[in-house]
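# when you get a sec, could you give me coordinates for this:
(chains A and B)
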Number of protein chains: 2
Amino acid sequence: MWPDSLAVVGLGALGASLAWRARVVGVPRVMGFSASPATAVQAIRAGALTDRGLTPADTVRGAGLVVLAGTPAEVIALIPVVAPHLAPGATLTDLAGAKSKVLAAMRDAGLAARYAGLHPLVSPVEQGFAGARADLFRGAITYVTADMEGEPARQAMRAFVSTVLEGEPVVIDADTHDRQVAWTLELPRAAARAVALALANAGLRGAAFDAAVRSATASARDAGDDWDARVLANPEAVAAALEALKAELARMQGAIQRGDADLLREMNRAAEVLARGVAR
Amino acid sequence: MWPDSLAVVGLGALGASLAWRARVVGVPRVMGFSASPATAVQAIRAGALTDRGLTPADTVRGAGLVVLAGTPAEVIALIPVVAPHLAPGATLTDLAGAKSKVLAAMRDAGLAARYAGLHPLVSPVEQGFAGARADLFRGAITYVTADMEGEPARQAMRAFVSTVLEGEPVVIDADTHDRQVAWTLELPRAAARAVALALANAGLRGAAFDAAVRSATASARDAGDDWDARVLANPEAVAAALEALKAELARMQGAIQRGDADLLREMNRAAEVLARGVAR
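The predicted structure follows:
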């Protein structure tokens, strides 16, 4: 079930963590590529790789499992680069947070039958190799996506998540995944950024902020988390979620301006139910 | 500087904490009133009051400092009730989170010269008397508002905050206060509620949420924090802040739909600066 040889293209926190974990469980050959050669050397020294490739094409040769680790756009750009160099029986996966466009690009490259995507819900403490941990994926909900053609790859990647990464695989089709994460992951991050920007533009020099501002803007603290790259690869669903958020704000604004205490109390209580539900 | 006799009308977490603190520092007579007689009895047993009044009018008689503790609308409703019963030299204050309308009502009642408002930035662990603590205001930024006429009252209340409550008084006029808290306090709470409502309506049964949802909705967990009552008493400024938030969301939505990676990256970075600034 475990590959004998694994290749990871992209040694950021997620890609390097996956490589490292594969080494820890005993995959004999783990090749890696980073656009920064120093990062690849660092990964070898740390024991996260057995060797590095000089190019993505070079890296994937002979690997039974190829992992493309990067933003959705980076993964899509890599597909035609590595496709001609894949071993005949190789399985492909990626770790990006938007899946429909990646799947479409795999299909265009004739690779849909060998591809299943992974999207682990993890938050590395740092971006880049500095955030890599061999146990980053342990216990993490990890979406596994593929289309019909890719069923064997999906079975293989689901098992890989359970047994190698020790994550919690959740099988879901790519479009449903993208619609769901638009709400559950990207919407709260968008709201945090919008609150921060509104406050930044309000000219509140010397103002005192309380815990509500800190929590409301918490997920905007890390601009390097690829939020912008993910939403650009998932535009329709994210735009729809933002539309719904604007509609709630407009409804609230109307209630405040009309002095509609009943509606505002009802919104307050309905929001409390959801907020308590997710806090558990 | 400390009053010999203090009256608190409203024994929720804030009113009862203030009464209790006054007792702790040795104010000889601390009268209290609650719409729930059981609460007033509980406050006496806990040592937060020396005695209770049977009505608000009854409670304020003879007190050198009268504290109206409740939502802005409750405070405004109390003013004409207690006005005829105030001792000749009494100072009035309140603990509500919106000040312009309260000040206007004090002015209408001919009490502007004897009034200065307090708005302590505290978050009691529980609402009601259960959240009362004698040290609730210690170290807390506490806005002190009044109009020109109320300057002596403002001086007195500023000293009361420093020496009795051990808070950090910040003197500010009522209109500026209301505009500022619309952004710093009410906007993030409104955003948390709007995110929660958008998610609640999206039908995400079984979906996995991550830390970003928990932080984005954190301040919506307590529907009993009088947010709705405060924004209803501060409608223009809060509606303007919500308008700005909607505008940021629309700008973000446009960038996502147009695929404008540069604008999105710029928004991301600008949001990060504010978010890191408030996190310290």
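# surely residue A:224 meets residue A:127?
Yes: look at residue A:224 against residue A:127 with CB atoms under 8 Å: they come within range, at 4.3 Å. For glycine as for every other residue, the C-beta is placed from the backbone atoms N, C-alpha and C.
# mind jotting down where the helices sit in chain A?
Using DSSP state H, the helices of chain A run over A:13-24, A:37-46, A:56-60, A:72-82, A:100-108, A:151-159, A:174-181, A:187-201, A:211-216, A:227-232, A:235-258, A:261-279.
# quick one: closest of those to residue B:41.
Closest approach to residue B:41 among those (CB to CB): helix A:261-279, 28.9 Å.
# next, the angle helix B:72-82 makes with the closest one.
In terms of direction (axes from the mean of the first three to the mean of the last three CA atoms, to 10 degrees), helix A:261-279 departs from helix B:72-82 by 130 degrees.
# what is the rounded mean pLDDT of helix A:261-279?
Throughout helix A:261-279, pLDDT has a mean value of 95.
# stretch A:35-53 too?
97.
# can you check stretch A:224-233 too?
Averaging pLDDT along stretch A:224-233 yields 94.
# how about that stretch and chain B, touching?
Yes: under the criterion of CB under 8 Å from any CB of the partner chain, stretch A:224-233 makes contact with chain B via A:227-229, A:231-232.
# before we move on, back to that, same list, the helices of chain A, but as JSON lines with mean neighbour count and distance to residue B:115 please.
Formatted as JSON lines, those follow (neighbours: other CB atoms under 10 Å in any protein chain shown; distance: least, CB to CB, whole Å):
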{"stretch": "helix A:13-24", "mean neighbour count": "25", "distance to residue B:115": "56"}
{"stretch": "helix A:37-46", "mean neighbour count": "16", "distance to residue B:115": "64"}
{"stretch": "helix A:56-60", "mean neighbour count": "21", "distance to residue B:115": "72"}
{"stretch": "helix A:72-82", "mean neighbour count": "20", "distance to residue B:115": "59"}
{"stretch": "helix A:100-108", "mean neighbour count": "20", "distance to residue B:115": "61"}
{"stretch": "helix A:151-159", "mean neighbour count": "19", "distance to residue B:115": "67"}
{"stretch": "helix A:174-181", "mean neighbour count": "21", "distance to residue B:115": "52"}
{"stretch": "helix A:187-201", "mean neighbour count": "27", "distance to residue B:115": "31"}
{"stretch": "helix A:211-216", "mean neighbour count": "22", "distance to residue B:115": "28"}
{"stretch": "helix A:227-232", "mean neighbour count": "24", "distance to residue B:115": "48"}
{"stretch": "helix A:235-258", "mean neighbour count": "20", "distance to residue B:115": "26"}
{"stretch": "helix A:261-279", "mean neighbour count": "18", "distance to residue B:115": "25"}
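# residue A:136 is nearest to which of these?
Residue A:136 lies closest to helix A:13-24 among the helices of chain A, at 3.8 Å (CB to CB).
# could you give the angle of that closest one to helix A:37-46?
30 degrees.
# residue contacts, residue A:125?
Residues in contact with residue A:125, defined by CB atoms under 8 Å, 6 or more residues apart in numbering or on different chains, are residue A:131.
# how about a cut-off of 10 Å?
Applying CB atoms under 10 Å, 6 or more residues apart in numbering or on different chains to residue A:125 gives the contacts A:13, A:131, A:133, A:136.
# cool, residue A:13 as well?
By CB under 10 Å, 6+ apart, the contact set of residue A:13 is A:69, A:95, A:122-133, A:136, A:224-225.
# how close does it get to residue A:94?
Separation of residue A:13 from residue A:94 (CB to CB, to the nearest Å): 15 Å.
# ok, residues contacting stretch A:259-270?
Applying CB under 10 Å, 6+ apart, the contact partners of stretch A:259-270 are A:248, A:251-252, A:254-256, A:258, B:73, B:189-190, B:193-194, B:196-197, B:200-201, B:220, B:222-229, B:231-233, B:235.
# distance of residue A:130 from chain B?
If you measure residue A:130 against chain B using CB to the nearest CB, to the nearest Å, the figure is 18 Å.
# how confident was the prediction at that residue?
pLDDT, read off for residue A:130, is 96.
# for it, which non-adjacent residue is closest in space?
residue A:13 (7.6 Å; CB to CB, 6 or more residues apart in numbering or on different chains).
# separate out the buried members of the contacts of residue A:125.
A:13, A:131, A:133, A:136 (16 or more other CB atoms under 10 Å in any protein chain shown).
# which one of those is nearest to residue A:116?
In terms of CB to CB, no member of the buried ones among the contacts of residue A:125 lies closer to residue A:116 than residue A:136, at 19.5 Å.
# show me what contacts the closest residue to the closest one other than its chain neighbours?
Computed as CB to CB, 6+ apart, the closest residue to residue A:136 that is not its neighbour in sequence is residue A:17, at 3.8 Å. Residue A:17 makes contact with A:8, A:11, A:48, A:69, A:95, A:120, A:122, A:124, A:129, A:131-137, A:165, according to CB under 10 Å, 6+ apart.
# in ChimeraX, select just the buried ones from these.
Those of these that count as buried under 16+ other CB under 10 Å are selected in ChimeraX with:
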select /A:8,11,48,69,95,120,122,124,129,131,132,133,134,136,137,165
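# pLDDT value on the residue positioned nearest the centre of chain A, please?
When CA atoms, centre = their mean is applied to chain A, the residue found nearest the centroid is residue A:97 (3.1 Å). Predicted confidence (pLDDT) at residue A:97: the value is 97.
# now do residue A:203
So residue A:203 comes in at 86 (pLDDT).
# and it, how many neighbours?
Residue crowding around residue A:203 was assessed by other CB atoms under 10 Å in any protein chain shown; the count is 8.
# hmm, residue B:183 and it touching each other?
Yes: applying CB atoms under 10 Å, one finds residue A:203 in contact with residue B:183, separated by 9.4 Å.
# so how far is stretch A:224-231 from its chain's centroid?
With CA atoms, centre = their mean, to the nearest Å as the basis, stretch A:224-231 stands 9 Å off its chain's centre.
# cool, stretch A:32-49 as well?
How far stretch A:32-49 lies from its chain's middle: 21 Å, per CA atoms, centre = their mean.
# and what of stretch A:225-241?
For stretch A:225-241, the distance to the chain centre is 11 Å (CA atoms, centre = their mean).
# end-to-end on it?
End-to-end distance of stretch A:225-241: 20 Å, with CA to CA, to the nearest Å as the criterion.
# over to stretch A:143-156?
Length of stretch A:143-156, first residue to last, CA to CA: 13 Å.
# give me the average confidence score over that stretch.
Mean per-residue pLDDT for stretch A:143-156: 95.
# that one near chain B anywhere?
Yes: using CB under 10 Å from any CB of the partner chain, stretch A:143-156 reaches chain B at residue A:143.
# likewise for stretch A:67-78?
Yes: Stretch A:67-78 is in contact with chain B by CB under 10 Å from any CB, via residue A:73.
# return the residues in contact with residue A:198.
Residues in contact with residue A:198 (CB under 10 Å, 6+ apart) are B:183, B:187-188, B:191, B:241-249, B:271, B:274.
# swap in residue A:195?
When contacts are counted by CB under 10 Å, 6+ apart, residue A:195 touches A:212-213, A:216-217, A:220, B:183, B:187-188, B:190-192, B:195, B:216, B:241, B:244-245, B:248-249, B:271, B:274-275, B:278.
# so it versus residue B:183, what's the distance?
Using CB to CB, residue A:195 is found at 10 Å from residue B:183.
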